[in-house]
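**Student:** only geometry, no sequence info:
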């Protein structure tokens, strides 16, 4: 019995023959393309023709992706928002710490530069805390007697004078700032060399200075240490004149000065280790009273009758002057003055 299909349904070569033929043909095309590069143009033309179809095939996937992103749940958005806020806070804290460290580093570099320029020895100190008394302008630093800090030594920063050491302990020291109401510093105007004394105001960070009404002082003048007190080295920047008040009722001008140093800003300071042991100590109340009494007695005994003699300034007379004055006043002089 013959099971072959009728002639109408015959399909030519068998599937096996076709597979072998197309396999050999594909290998032939691969070899020709790799050797002669003859199919490059054909691929470019085919890619250009098929590009719209490729884009149309990608559109459904793109639409599905966008829709999925649009319909993200609110919970996921809140979680991501919270996470981003926490990360922002952490980054802000790190950024602020970095900026603070950079500022302290620059300040320390400036202090080291000022330390090298000064002719005296110095020690670097850091402010621990402010003094307990809110009515005073004092700070406590982490250097004391063990570090060579002594009473009366000046304290500066990279810009100018900050204050003076007013109390010393073994491991710490108290520094009174220039703006304290009980603090004074001898200064001179850099422009013309005019000397005076600047005082702290207490309530504000400004300084007061008094000069005669005809003194040559202008707004913007720079004040530096005069060095006549033996404590502050001459030439240290102190303040700038910001206001000159001339009242008609007085012969003195009240001059308002702004300190150039960072009195209330910096945390690191420089203590100048100048020698304060040979400086004359201020007289006590009893010594000043005795000097004043002695001056009055000498003036009364040595002045001619009817003469208008002003009392001698007791602050300008030393112990040696007192002894010399006692030797010069003799009983004969007293009799002559009485006659």
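**Tutor:** Ah, there it is. Owing to the predicted nature of the structure, the values given are computational and were not obtained by experimental measurement. Numbering: from 1, shown residues only.

**Student:** which stretches of the protein form helices?
**Tutor:** Assigned by DSSP state H, the chain shows helices spanning 15-36, 40-70, 74-117, 285-302, 319-328, 331-338.

**Student:** for residue 198, which residues make a bridge with it?
**Tutor:** Per DSSP bridges, the residues bridged to residue 198 are residue 185, residue 209.

**Student:** what number of residues lie near it?
**Tutor:** Look at residue 198: counted by other CB atoms under 10 Å, it has 23 neighbours. All C-beta atoms are positioned from the backbone trio N, CA, C, and that covers glycine.

**Student:** I figured it hits residue 189, correct?
**Tutor:** No. Using CB atoms under 8 Å, residue 198 is not in contact with residue 189; the gap is 10.9 Å.

**Student:** which residues do these two both contact?
**Tutor:** residue 223 (CB atoms under 8 Å, 6 or more residues apart in numbering).

**Student:** Would you mind listing where the stretch 151-300 of the chain has pLDDT under the threshold?
**Tutor:** 247-249, 278-285, 287-288, 291-292, 294-300 (pLDDT under 70).

**Student:** Now do residue 215 against residue 267, distance only.
**Tutor:** 37 Å (CB to CB, to the nearest Å).

**Student:** Sorry, slip of the keys, the one I care about is residue 55.
**Tutor:** For residue 55 relative to residue 267 (CB to CB), the value is 65 Å.

**Student:** Neighbour count: the two, which is higher?
**Tutor:** More crowded of residue 55 and residue 267, by other CB under 10 Å: residue 267, with 15 against 10.

**Student:** Phi and psi next, for that one.
**Tutor:** Main-chain torsions, residue 267, degrees, to the nearest 10: phi -110, psi -20.

**Student:** Contact partners for the closest residue to it other than its chain neighbours?
**Tutor:** Excluding its sequence neighbours, the residue lying closest to residue 267 (CB to CB, 6 or more residues apart in numbering) is residue 127, at 5.1 Å. With contact set as CB under 8 Å, 6+ apart, residue 127 has these partners: 139-141, 267-269.

**Student:** Just the buried ones among these, please.
**Tutor:** Taking 16 or more other CB atoms under 10 Å as the criterion, what is buried in these is 139-141, 268-269.

**Student:** and which of the residues you listed is nearest residue 32?
**Tutor:** Distance to residue 32 across the buried ones among the contacts of residue 127 (CB to CB) is lowest for residue 268, with 81.5 Å.

**Student:** The closest one pairs with what?
**Tutor:** Bridge pairing for residue 268 - DSSP bridges - gives residue 126.

**Student:** Likewise for residue 164?
**Tutor:** residue 154, residue 176.

**Student:** That one: how many residues sit nearby?
**Tutor:** Residues near residue 164, counting by other CB under 10 Å, number 24.

**Student:** surely it meets residue 231?
**Tutor:** Yes. Applying CB under 8 Å, one finds residue 164 in contact with residue 231, separated by 7.4 Å.

**Student:** Show me whatever sits in contact with both of the two.
**Tutor:** Listed contacts common to residue 164 and residue 231 are 152-154; contacts here mean CB under 8 Å, 6+ apart.

**Student:** Neighbour count for these - can I get that in a markdown table?
**Tutor:** Formatted as a markdown table, the shared contacts of residue 164 and residue 231 follow (neighbours: other CB atoms under 10 Å):
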| residue | neighbour count |
| --- | --- |
| 152 | 16 |
| 153 | 24 |
| 154 | 25 |
